[in-house]
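J.: give me the fold of what follows.
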Amino acid sequence: MTAIRRWTPRLFLLGFLLGTACGSAPAPGDESPESDPILSRIQLPEGFRISVYASGVRNARAMAMGPSGTLFVGSRRAGNVYAVRDMDGDFVADEVLTLDSGLKMPSGIAFRDGALYVADINVVLRYDDIENRLYDPPEPVVVNRGFPTDRHHGWKFIRFGPDGKLYVPVGAPCNVCERADPRFATIMRMNPDGTDLEVYVSGVRNTVGFDWHPDTGELWFSDNGRDLMGNDVPPDELNRVTEAGQHFGFPYHHGTDIPDPEFGGRRPLDSLVPPVQDLGPHVAAVGMRFYTGDMFPPEYRNQVLIAEHGSWNRDNRIGYRVTLVRLDGNEAVSYEDFAAGWLVDEEYSGRPADVEVMPDGSLLVSDDYAGVIYRITYGQ
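T.: As a prediction, this is how the structure comes out:
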């Protein structure tokens with residue numbers, strides 16, 4: 001394990017983004033979206049603005065904020081775990097530290113009681129007292145090694161729930177299949193020390209984003225639909241858990257009303273929980289959060305924001321955006337673009353991977369294609 005310090009001042013951050021994507025760096029002080037050929041393409045609702053919070057965060061995926069203001073970021077293909085620091089409080093990161101490297105898809109991270117939890121494919125690791133050890137990271141402690149080793153949908157998104165347990169999904173090891181191992185296609189949970197690992201809900205093909213409703217405490221999660229049924233079916237999903245033990249349909253049923261051509265009918269439909277909202281087909285809905293900040297207008301409070309990574313197997317690409325699902329109580333009433341423009345004429349300049357609400361109410365968006373963390377603000 002190595003800890004690599006990389007100093008990334010403001011001009012380097014923006015220069016990296018533009019140099020990587022466009023082949024040229026901005027002039028000093030030229031940092032506005034209007035002058036940035038990538039950010040100027042991003043469409044946001046009126047009054048919102050997007051900027052670069054950090055760059056050089058190779059293959060940035062899931063994010064978690066430490067209490068001292070350190071942004072921790074996982075990755076997938078890069079195999080790295082990062083700490084991103086804004087030391088002068090100007091909302092542009094001053095340094096990106098590589099805390100660990102050479103891991104197997106450490107996409108999922110979570111923070112609790114001074115420790116950073118990292119999900120490798122088959123093991124959850126813990127880095128104790130991490131915010132005081134950024135320049136000398138501790139050796140990780142193995143919390144639990146009781147997960148399958150399959151790489152297909154093996155990367156994980158993890159978070160601590162309001163019950164104090166760590167929630168760890170195990171994706172299906174296939175496009176569509178049945179497996180005897182009850183851990184597959186589930187969301188599992190365990191105590192922070194790794195004990196009492198259990199299946200919480202099943203029938204979940206591959207969730208890479210979930211959060212708990214701020215008022216009800218219920219778990220909501222995005223789920224990626226199966227492939228190879230056509231351009232427009234099945235949809236990805238936004239789901240709501242009302243009790244432990246529920247089954248959300250995979251591999252028997254997809255979306256609200258689509259039986260699987262091979263496995264449909266093998267389980268009664270009334271035993272399966274339909275999604276709250278069908279999302280776009282193959283959009284790769286990943287990071288998902290309820291907006292809990294105070295910066296955005298009141299109508300955004302407790303609404304769902306989803307990072308859509310973008311399709312890979314569709315004739316015409318879709319996704320590559322951040323979407324908003326508006327709720328009325330527990331009912332979804334609309335599904336719309338919130339931040340779009342990374343996809344233009346079938347070419348993409350970014351792939352949103354996760355969203356995170358900052359303490360000031362702004363929204364961070366990780367981009368594992370550009371290696372960038374964006375910050376979306378309102379009224380600034």
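J.: can you give me the buried ones in stretch 251-270?
T.: Pro251, Tyr252, His253, His254, Gly255, Ile258, Asp260, Phe263 (16 or more other C-beta atoms under 10 Å). All C-beta atoms are positioned from the backbone trio N, CA, C, and that covers glycine.
J.: which two from those residues end up farthest apart in space?
T.: Gly255 and Phe263 (14.3 Å; C-beta to C-beta).
J.: C-alpha coordinates for the strand or helix carrying Ile187, CSV please?
T.: For Ile187, the element it lies in under DSSP states H and E is strand 186-190. Written as CSV, here are the backbone C-alpha positions of strand 186-190 (Å, rounded to 0.1, in the frame of the first residue of the first chain):
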residue,chain,number,x,y,z
THR,A,186,-29.4,-9.0,-3.1
ILE,A,187,-28.7,-6.2,-0.7
MET,A,188,-27.0,-7.5,2.4
ARG,A,189,-26.3,-5.8,5.7
MET,A,190,-24.0,-6.4,8.7
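J.: that strand - contacts with which helices or strands?
T.: Identification of packing neighbours for strand 186-190 by 3 or more C-beta pairs under 8 Å, 6 or more residues apart in numbering; DSSP states H and E yields strand 166-170, strand 198-202.
J.: what's the angle from the first one to strand 198-202?
T.: Strand 166-170 and strand 198-202 are oriented at 60 degrees to each other (axes from the mean of the first three to the mean of the last three C-alpha atoms, to 10 degrees).
J.: ok, how many other residues are close to Asn122?
T.: By other C-beta atoms under 10 Å, 17 other residues sit near Asn122.
J.: looking at this, it is in a strand?
T.: No - with DSSP: H, G, I helix; E, B strand; the rest coil as the criterion, Asn122 is assigned coil and is not in a strand.
J.: per-residue pLDDT, it?
T.: Per-residue confidence (pLDDT) for Asn122: 97.
J.: check whether it really touches Asn144, as I assumed.
T.: No - the pair formed by Asn122 and Asn144 falls short of the contact definition of C-beta atoms under 8 Å, at 9.5 Å.
J.: would you mind finding the most buried of the helices and strands packed on strand 186-190?
T.: Of all the helices and strands packed on strand 186-190, strand 166-170 carries the top mean neighbour count, a mean of 26, counting by mean count of other C-beta atoms under 10 Å.
J.: sheet partners, orientation included, of that strand?
T.: strand 159-160 (antiparallel), strand 186-190 (antiparallel) (DSSP bridges).
J.: so which of the helices and strands packed on strand 186-190 is nearest Phe72?
T.: Using C-beta to C-beta as the criterion, the shortest distance between Phe72 and the helices and strands packed on strand 186-190 is 14.9 Å, found for strand 166-170.
J.: quick one: residues in contact with that closest one.
T.: By C-beta atoms under 8 Å, 6 or more residues apart in numbering, the list of residues contacting strand 166-170 from outside reads 108, 110, 112, 117, 119, 124, 143, 147-148, 156-161, 183-192, 200, 204, 206-208, 210, 219.
J.: show me which of those are buried.
T.: Of the members of those, the ones counted as buried by neighbours, 16+ other C-beta under 10 Å, are 108, 110, 117, 119, 124, 143, 147-148, 156-160, 183-190, 192, 200, 204, 206-208, 210, 219.
J.: for stretch 254-268, give me every contacting residue.
T.: Residues from elsewhere that reach stretch 254-268, judged by C-beta under 8 Å, 6+ apart: 176, 178, 225-226, 229, 233-235, 237, 247, 251-253, 274-275, 278.
J.: next, count neighbours for Val233.
T.: One way to gauge burial is a neighbour count; for Val233, by other C-beta under 10 Å, it gives 14.
J.: assign a three-state SS to it, would you?
T.: Classified using three-state DSSP, Val233 is coil.
J.: distance-wise, check it relative to Pro259.
T.: Note on Val233: its distance to Pro259, by C-beta to C-beta, to the nearest Å, is 11 Å.
J.: report the buried residues of stretch 76-94.
T.: Counting neighbours by 16+ other C-beta under 10 Å, stretch 76-94 gives 76, 78-86, 91-94 as buried.
J.: those into CSV, with extra columns for secondary structure?
T.: As requested, these are exported to CSV (three-state DSSP):
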residue, secondary structure
Arg76, coil
Ala78, coil
Gly79, coil
Asn80, coil
Val81, strand
Tyr82, strand
Ala83, strand
Val84, strand
Arg85, strand
Asp86, coil
Phe91, coil
Val92, coil
Ala93, coil
Asp94, coil
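J.: could you identify the most distant pair in those residues?
T.: Of all pairs drawn from these, the widest gap by C-beta to C-beta lies between Gly79 and Phe91 and measures 28.2 Å.
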